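Enquirer: let me see the structure of the following:
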Amino acid sequence: MFDTLTDRLNGIFKKLRTRGKLHPKQVDNALSEVRTALLEADVAVDVADDLLVRVRVRALSEEVMKSLTPAQQVVKVMRDELQATMGGELMPLTLPSRKPAVVMVAGVQGSGKTTACAKLARLFKSKGSRPLLIAADLARPAAVHQLRTLGEEIGVPVWSEGRDPVKVAKGGVKEAERLDADVAIIDTGGRLHVDPQMMKEARKIKDAARPDAVLMACDAMTGQDAVAQALAFMRDVDTTGFVLTKLDGDARGGAALSITSVTGRPVLFVGTGEKPDDLEPFHPDRMAGRILGMGDVLSLIDKAQERIDSDAARESAERMLSAQFTLEDFLTQMLENKKLGPLQDLLAMLPGVPGGKNVMKDLAGQVDQGELTRAEAIILSMTPGERRNPAIIHGSRRQRIALGSGATTSDVNRLLKDFETARKMMRSMASSRGMPGLAALQTGTGPKRKRKG
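Expert: Below you'll find the predicted structure:
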């Protein structure tokens with residue numbers, strides 16, 4: 001996300017860092033380049049100018065100019081002001097305790113509105129709620145079918161009885177009451193652009209369903225168009241906040257940086273992929289770090305805690321450290337790591353100095369995702385006994401495994417060789433005098449861990 005803007009800002013601040021002490025003219029020249037980069041990223045002119053005025057005042061302060069690392073201080077100021085422009089701090093969606101709480105979701109066609117409804121339902125369900133999806137988008141023929149398909153995928157019921165959007169929404173809320181659902185999420189009709197007909201229908205649904213929150217889905221790739229749509233919707237219907245979708249695409253950054261400053265309403269969630277679980281709370285501080293190429297370790301930790309089976313990962317790690325690592329453990333680690341998403345996205349979330357993002361890209365490019373997929377297929381073609389004891393895999397077994405995985409015997413041989421090399425390395429590390437903790441794990445002399453059950 002924001003690759004072009006991030007690269008431009010990194011290049012600008014890199015030139016500042018090579019100058020040692022800074023002169024006000026150097027800061028002004030750098031901020032002029034930053035302004036150009038922001039406008040090219042489709043940030044609203046007023047938002048960009050206001051941001052840079054604040055940055056300049058702080059950057060030229062005596063505290064920054066006389067510091068030992070003035071250029072780094074300027075980057076910090078830029079991060080702080082980017083964060084403030086995007087809302088300052090996390091704004092969680094707060095719903096009343098009554099059942100059902102009603103959430104209305106609006107947006108133009110193509111903004112990812114229907115998918116955002118399903119992602120919200122999945123998020124509520126993951127936190128222990130019982131959501132109901134209400135398919136009131138009758139303007140797009142495929143919308144009801146799409147929501148039903150997504151509902152089946154995430155295990156959430158969908159209500160779509162009726163031909164009038166207002167009656168569907170009202171009936172859906174009553175159905176949520178009957179089902180004792182905690183939250184009802186209404187997918188409303190969109191148009192190719194904001195128009196009077198869309199606004200009239202949205203107002204009627206709002207009056208009939210009396211939602212506790214009104215969210216608008218905005219496409220992050222549309223830049224200032226998304227801000228214009230948000231302003232029009234705010235004027236006619238009002239909104240609690242925004243869901244910024246398609247942030248994993250070619251997002252220039254304009255919508256994310258402008259929408260809160262222009263509308264006064266927060267971005268509550270961001271969509272980071274096409275899967276139902278690719279929805280995250282919007283953290284302005286973390287987003288500012290991403291835009292400046294500083295990584296986002298906290299979001300990576302949140303994602304790992306949510307998606308990875310911690311018990312399975314810990315057991316595999318312990319077996320690795322005790323030199324008992326098998327191909328089954330290797331397969332488990334691959335499957336768990338896949339849940340976190342593409343390797344390049346994970347590397348981009350690791351911390352680094354501004355300008356280091358391209359290094360991360362190069363590193364990700366050196367790891368062939370196809371090789372990992374092939375390794376997974378080869379291991380899955382083995383019997384449980386072969387995975388636990390690769391030493392028994394000889395000629396005929398290797399041919400059978402290669403045939404079953406769509407690989408070649410050379411691929412199987414390479415995997416087994418690489419695995420054995422890694423296992424020998426772990427044995428060496430575990431027995432090393434310089435690593436007593438590993439040696440204790442191997443010999444069983446370390447502290448005992450209590451096991452559940």
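Enquirer: nearest residue to residue 205 other than its sequence neighbours?
Expert: residue 169 (4.7 Å; CB to CB, 6 or more residues apart in numbering). Where C-beta positions appear, they are placed from N, C-alpha and C, glycine not excepted.
Enquirer: show the pLDDT at that neighbour.
Expert: pLDDT for residue 169: 94.
Enquirer: mind checking the SS state of it?
Expert: helix (DSSP: H, G, I helix; E, B strand; the rest coil).
Enquirer: quick check: the spatially most central residue of the chain vs residue 146, distance?
Expert: With distances taken as CA atoms, centre = their mean, residue 272 lies nearest the centre of the chain, 4.1 Å away. From residue 272 over to residue 146 the distance is 20 Å, taken as CB to CB, to the nearest Å.
Enquirer: and the gap between the residue nearest to residue 205 and residue 157?
Expert: With CB to CB as the criterion, residue 169 and residue 157 are 15 Å apart.
Enquirer: where does pLDDT dip in this structure?
Expert: Within the chain, the set of residues satisfying pLDDT under 70 comprises 1-2, 17-20, 68, 192, 249-253, 294-324, 333-370, 426-427, 429-453.
Enquirer: domains for it, by residue range?
Expert: 3-85, 101-294, 307-443 (automatic domain parsing).
Enquirer: adding distance to residue 93, write the ones you listed out as CSV.
Expert: Shown next, in CSV, are the domains of the chain (distance: least, CB to CB, whole Å):
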stretch, distance to residue 93
domain 3-85, 20
domain 101-294, 5
domain 307-443, 21
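Enquirer: highest mean neighbour count out of those?
Expert: Most buried of those, by mean neighbour count (mean count of other CB atoms under 10 Å): domain 101-294, with a mean of 21.
Enquirer: if we can go back for a sec, wait, doesn't the residue nearest to the centre of the chain sit right on residue 279?
Expert: Yes: Residue 272 is within contact range of residue 279, at 7.3 Å (criterion: CB atoms under 8 Å).
Enquirer: and the helices in the stretch 151-300 of the chain?
Expert: 165-178, 196-209, 224-236, 254-263, 284-291, 297-307 (DSSP state H, counting those that start in this stretch).
Enquirer: how far away is residue 13 from residue 293?
Expert: 9 Å.
Enquirer: do residue 404 as well
Expert: Taken as CB to CB, the span from residue 404 to residue 293 is 43 Å.
Enquirer: now do the contacts for the nearest residue to residue 79 once chain neighbours are set aside.
Expert: Nearest residue to residue 79 in three dimensions, chain neighbours excluded: residue 288, at 4.9 Å (CB to CB, 6+ apart). Going by CB atoms under 8 Å, 6 or more residues apart in numbering, residue 288 touches 79-80, 82-83, 86.
Enquirer: just name the closest of those to residue 391, please.
Expert: Nearest to residue 391, judged by CB to CB, of these is residue 79 at 53.2 Å.
Enquirer: how about the helices of the stretch 151-300 of the chain in JSON lines, adding distance to residue 109?
Expert: Output for the helices of the stretch 151-300 of the chain, formatted as JSON lines (distance: least, CB to CB, whole Å):
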{"stretch": "helix 165-178", "distance to residue 109": "14"}
{"stretch": "helix 196-209", "distance to residue 109": "10"}
{"stretch": "helix 224-236", "distance to residue 109": "11"}
{"stretch": "helix 254-263", "distance to residue 109": "17"}
{"stretch": "helix 284-291", "distance to residue 109": "26"}
{"stretch": "helix 297-307", "distance to residue 109": "30"}
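Enquirer: closest to residue 42 out of the ones you listed?
Expert: Of those, nearest to residue 42 by CB to CB is helix 254-263, at 3.0 Å.
Enquirer: check which helices and strands the closest one is in contact with.
Expert: Judged by 3 or more CB pairs under 8 Å, 6 or more residues apart in numbering; DSSP states H and E, the packing partners of helix 254-263 are helix 45-59, helix 70-85, strand 213-219, helix 224-236, strand 241-245, strand 267-271.
Enquirer: skipping adjacent residues, who's closest to residue 375 in space?
Expert: Counting by CB to CB, 6+ apart, residue 415 is the residue found nearest to residue 375 once chain neighbours are left out, at 5.5 Å.
Enquirer: that neighbour sits in which helix or strand?
Expert: helix 409-431 (DSSP states H and E).
Enquirer: pull the distance from that helix to the chain's centre.
Expert: 34 Å (CA atoms, centre = their mean, to the nearest Å).
Enquirer: one more: stretch 154-166?
Expert: So, by CA atoms, centre = their mean, the centroid of stretch 154-166 is 28 Å from its chain's centroid.
Enquirer: do me a favour and get the end-to-end distance for that stretch?
Expert: Stretch 154-166 has an end-to-end distance of 25 Å (criterion: CA to CA, to the nearest Å).
Enquirer: and what of stretch 378-391?
Expert: 15 Å.
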